[in-house]
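Novice: only geometry, no sequence info:
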């Protein structure tokens, strides 16, 4: 006879398992889920659709191309990414309102592949009057963004005012105006620039026509062209440390004559490598003005200023630089390493802001290998025979250095000397004898 005592145990076990599963299910329902950033799509390029998409933060993309004209500033309160990839999107403040305002809860605002134009701010208490296009109470990341023709009528940061850090990749600040510091942008935190352009920005009465910043700077391959301020027409750096590499400062103006290209009142060490600071005609005042800090300028070109480098204060060292067309190359307290030269940089076309090196430039092979392996265009620098000074490395050259010749039968003066040179390489090969 089959025993029956096992069935009650099996039934109890099954009931217990079902109860446990039900408990887990109910617990999952009852447990609150952590809020995740929402994603929004701007389906129609108008103000209402944009602000609805921005309301939840997170990733905001566009299903349309066009210009969105605002009647009030777009408020962002949480971490947000605005990406116009695949579309052509312009957000327009109509010279009436600031385009984007963030609260301190934003953390980081990221913008990609869009244009912000005609933002305007002219009033507000304290810092609220700053930032013509963008006022970020936090960090800002820009990639392929153009910020153009924006105005801070009574404050700072014509294009952008940022209380945190700025990371800029291949983005542009063009024709922005501030009454006070930072015609293009004012940044309180660390600034990292990779590529990009600051052009035709203006501080009407103060400092930093292109960029005013007060923390650590890492600048690589950025152009500062035709910016204007009282001091520091292109860049005004007033804090911490910095490194400037493969940069171009051209046609910038300091109306006070102090630092048309760069004004440094730094609290730490700033190193400038492979930078070209130039004007198509002799500009008034100094190209670089140093008011504080420990500053090193190496492998650079300073051309066509009343004063090339002005050491008003701080500790300033220069070496392996090329000076050209300056009334005075060096003024004030400056320690020179003895390898800088005065000569013709043979710029290709300064009238069109093309300061690449032409044939016969005195900047070719002038510099010292400082660990900068490529130039503004990505061309490899000649670390064997000598890197070129300035932001450009002459492309396509193969330098043969350290060669010598012995002539056992001298040729009388006035007669030709016949010799054979063998070069192995991939055609075509051009040999230039100096």
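Specialist: Cool, the structure landed. Worth saying up front: this structure is predicted, and the values here are computed from it rather than measured.
Novice: what residue ranges in the stretch 251-400 of the chain score low on pLDDT?
Specialist: 396-400 (pLDDT under 70).
Novice: mind listing the strands for it?
Specialist: Applying DSSP state E, counting those that start in this stretch to the stretch 251-400 of the chain gives strands spanning 253-258, 262-273, 276-298, 301-311, 315-319, 322-324, 328-332, 335-336, 341-342, 347-349, 354-357.
Novice: residues in contact with the fifth one?
Specialist: In this structure, residues lying in contact with strand 315-319 by CB atoms under 8 Å, 6 or more residues apart in numbering are 290, 293-298, 309, 330, 332-340, 368. Yep, even glycine has a C-beta here, placed from its N, CA and C like the rest.
Novice: now stretch 69-79
Specialist: Counting by CB under 8 Å, 6+ apart, 37, 47, 50-51, 54, 56-58, 91-94, 96-103, 105-109 sit against stretch 69-79.
Novice: just the buried ones from those?
Specialist: Buried members of the contacts of stretch 69-79, scored by 16 or more other CB atoms under 10 Å, are 47, 50-51, 54, 56-57, 91-93, 96-102, 106, 108-109.
Novice: out of the residues you listed, which sit inside strands?
Specialist: Of the buried ones among the contacts of stretch 69-79, the ones assigned to strands by DSSP state E are 91, 92, 100, 101, 102, 108, 109.
Novice: which stretches in the chain count as helices?
Specialist: Secondary structure of the chain (DSSP state H): helices located at 6-30, 47-54.
Novice: hang on, residue 112 packs against residue 81?
Specialist: Yes: in terms of CB atoms under 8 Å, residue 112 counts as a neighbour of residue 81; the distance is 7.2 Å.
Novice: what residues are shared contacts of the two?
Specialist: Common neighbours of residue 112 and residue 81 are not found (criterion: CB under 8 Å, 6+ apart).
Novice: what's near enough to touch residue 273?
Specialist: By CB under 8 Å, 6+ apart, the contact list for residue 273 reads 243, 244, 245, 246, 298, 299, 300, 370, 372.
Novice: do that again at 6 Å, thanks
Specialist: 245, 298, 299, 370, 372 (CB atoms under 6 Å, 6 or more residues apart in numbering).
Novice: farthest-separated two in those residues?
Specialist: Across the contacts of residue 273, the longest distance by CB to CB is 10.4 Å; it joins 245 and 298.
Novice: switch the contacts of residue 273 over to TSV; also include neighbour count and distance to residue 230.
Specialist: Putting these into TSV (neighbours: other CB atoms under 10 Å; distance: CB to CB, whole Å) gives the following:
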residue	neighbour count	distance to residue 230
245	22	27
298	22	28
299	29	29
370	17	32
372	18	32
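Novice: in stretch 308-327, what counts as buried?
Specialist: 308-312, 314, 316, 318-326.
Novice: an error on my part: the question was meant for stretch 63-78.
Specialist: Under 16+ other CB under 10 Å, the buried positions of stretch 63-78 are 64, 68, 69, 70, 73, 74, 76, 78.
Novice: let's have those in a markdown table, adding pLDDT and distance to residue 145.
Specialist: Shown next, in a markdown table, are the buried residues of stretch 63-78 (pLDDT from 0 to 100; distance: CB to CB, whole Å):
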| residue | pLDDT | distance to residue 145 |
| --- | --- | --- |
| 64 | 98 | 18 |
| 68 | 98 | 15 |
| 69 | 98 | 18 |
| 70 | 98 | 17 |
| 73 | 97 | 17 |
| 74 | 98 | 15 |
| 76 | 97 | 15 |
| 78 | 96 | 20 |
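Novice: to residue 192, which of the strands of the stretch 251-400 of the chain lies closest?
Specialist: strand 262-273 (14.9 Å).
Novice: and the angle from that closest one to strand 301-311?
Specialist: 120 degrees (axes from the mean of the first three to the mean of the last three CA atoms, to 10 degrees).
Novice: re earlier: which one of the buried residues of stretch 308-327 sits closest to residue 417?
Specialist: Nearest member of those to residue 417, counting by CB to CB, is residue 322, at 32.6 Å.
Novice: any idea how far residue 387 is from that closest one?
Specialist: 12 Å (CB to CB, to the nearest Å).
Novice: what does residue 113 give?
Specialist: Going from residue 113 to residue 387 by CB to CB gives 35 Å.
Novice: who has more neighbours out of these two?
Specialist: residue 387 (26 against 19; other CB atoms under 10 Å).
Novice: contacting residues around residue 134?
Specialist: Contacts for residue 134 (CB under 6 Å, 6+ apart) come out as 100, 160.
Novice: then residue 215?
Specialist: So residue 215 contacts 189, 190, 239, 240 (CB under 6 Å, 6+ apart).
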